[in-house]
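Novice: predicted model and sequence follow; I will ask about them next.
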Amino acid sequence: MPETRLLPHAPTRRQWIEPGGAITAHRHDDHQIVYAARGVLAVTTAAGTWVAPANRAVWVPAGTEHAHHAHGGLELHLVGLDATDNPLGLDEPAVLTVEPLLRELILAYTRAPDDGDPARVRLRAVLLDRLSASPQQPVHLPSPTAPVLVALCAILRADPGERRTLAALGRQVGASERTLSRLFRADLGMTFPQWRTQLRLYRALVLLAEGAPVTSVAHTCGWSSAGAFIDVFRRAYGHTPGTHRTR
């Protein structure tokens, strides 16, 4: 990642980021909740990318080097939390479910001035309480470190619709299917099909944010039909691609 800026305190604010815009690599001494009320947010660290549509937020622990990327116009809401405030006990980034009440709490908290008002203190306490009940979601695309996996994953990133088997891809990068299967589990913590599905879902979110039709997204990302894509998308995000666009 590029040179990292150190921000001692994680800001609490809302801001608009234009499509394709970014907040470059930085870290801070506080925890932070990063939520996109509109658009698709990608938070990238050395360990991979966490992707969050409008019903998800990203938890960024204190000290984590990260960058934000906007897909579609991004209405970003940032909540800084003291390093002692960790209601989920997480020391690694995670994607969290944002149910309607938590969403409204985040919007209200980032809208109000940080002036120490007792009402704001109470709002913060309720926000932390709801945050502690937010389940984690497996919307994480880990980055490989093994050179042969870096090469293979680059092929799939260039074309998520690539349908060759792991054995066929292995012949291109010079590794056996057995070796690659072992490396996917050891280096990325998931199987080859799981990683490829996460990559396809990530790319689908980006394309939908850019206004691509659902059928086009399905075929671009490697699903055999729009129906198959809709089914996988619904199971991953809790709503259909069409509903996602309206959100």
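Specialist: Great, that's in hand.
Novice: domains for the protein, by residue range?
Specialist: Following automatic domain parsing, the chain resolves into domains at 5-140, 145-246.
Novice: same list, these, but as a markdown table with mean neighbour count and mean pLDDT please.
Specialist: Every C-beta, even on glycine, is put in place using the N, C-alpha and C of the backbone. A markdown table is the format used below for the domains of the chain (neighbours: other CB atoms under 10 Å; pLDDT from 0 to 100):
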| stretch | mean neighbour count | mean pLDDT |
| --- | --- | --- |
| domain 5-140 | 17 | 87 |
| domain 145-246 | 17 | 91 |
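Novice: and the helix or strand where Thr197 lies, C-alpha only, in PDB?
Specialist: Thr197 belongs to helix 192-209 when assigned by DSSP states H and E. Extracted C-alpha coordinates of helix 192-209, given in PDB (Å, rounded to 0.1, in the frame of the first residue of the first chain):
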ATOM      1  CA  PHE A 192     -11.000 -22.300  -4.100                       C
ATOM      2  CA  PRO A 193     -14.800 -22.300  -4.900                       C
ATOM      3  CA  GLN A 194     -15.400 -20.100  -1.800                       C
ATOM      4  CA  TRP A 195     -12.800 -17.600  -2.700                       C
ATOM      5  CA  ARG A 196     -14.000 -17.400  -6.300                       C
ATOM      6  CA  THR A 197     -17.600 -16.900  -5.100                       C
ATOM      7  CA  GLN A 198     -16.500 -14.000  -2.800                       C
ATOM      8  CA  LEU A 199     -14.600 -12.400  -5.700                       C
ATOM      9  CA  ARG A 200     -17.700 -12.700  -8.000                       C
ATOM     10  CA  LEU A 201     -20.000 -11.200  -5.300                       C
ATOM     11  CA  TYR A 202     -17.500  -8.400  -4.800                       C
ATOM     12  CA  ARG A 203     -17.400  -7.600  -8.500                       C
ATOM     13  CA  ALA A 204     -21.200  -7.900  -8.700                       C
ATOM     14  CA  LEU A 205     -21.600  -5.300  -6.000                       C
ATOM     15  CA  VAL A 206     -19.300  -2.900  -7.900                       C
ATOM     16  CA  LEU A 207     -21.100  -3.500 -11.200                       C
ATOM     17  CA  LEU A 208     -24.500  -3.000  -9.700                       C
ATOM     18  CA  ALA A 209     -23.300   0.300  -8.000                       C
END
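Novice: which is the next helix or strand following that helix?
Specialist: helix 214-220.
Novice: from the contact counts, what lies against that following helix?
Specialist: For helix 214-220, the contact count by 3 or more CB pairs under 8 Å, 6 or more residues apart in numbering; DSSP states H and E identifies helix 192-209, helix 226-237, helix 241-246 as packing neighbours.
Novice: how about the helices in the chain?
Specialist: 100-111, 118-132, 147-158, 166-173, 177-183, 192-209, 214-220, 226-237, 241-246 (DSSP state H).
Novice: those: which one's closest to Gly48?
Specialist: Shortest distance between Gly48 and these, using CB to CB, is found for helix 192-209: 9.4 Å.
Novice: follow-up on the earlier one: closest to Val121 out of the helices and strands packed on helix 214-220?
Specialist: Nearest to Val121 among the helices and strands packed on helix 214-220 is helix 226-237; the distance by CB to CB comes to 33.4 Å.
Novice: helices or strands next to the closest one in the packing?
Specialist: Secondary-structure packing of helix 226-237 (3+ CB pairs under 8 Å, 6+ apart): helix 192-209, helix 214-220, helix 241-246.
Novice: beta partners of Ala94?
Specialist: Beta-bridge pairing for Ala94 (DSSP bridges): Trp59.
Novice: you'd agree it is up against Val60?
Specialist: No: with contact defined as CB atoms under 8 Å, Ala94 does not reach Val60; the gap is 9.0 Å.
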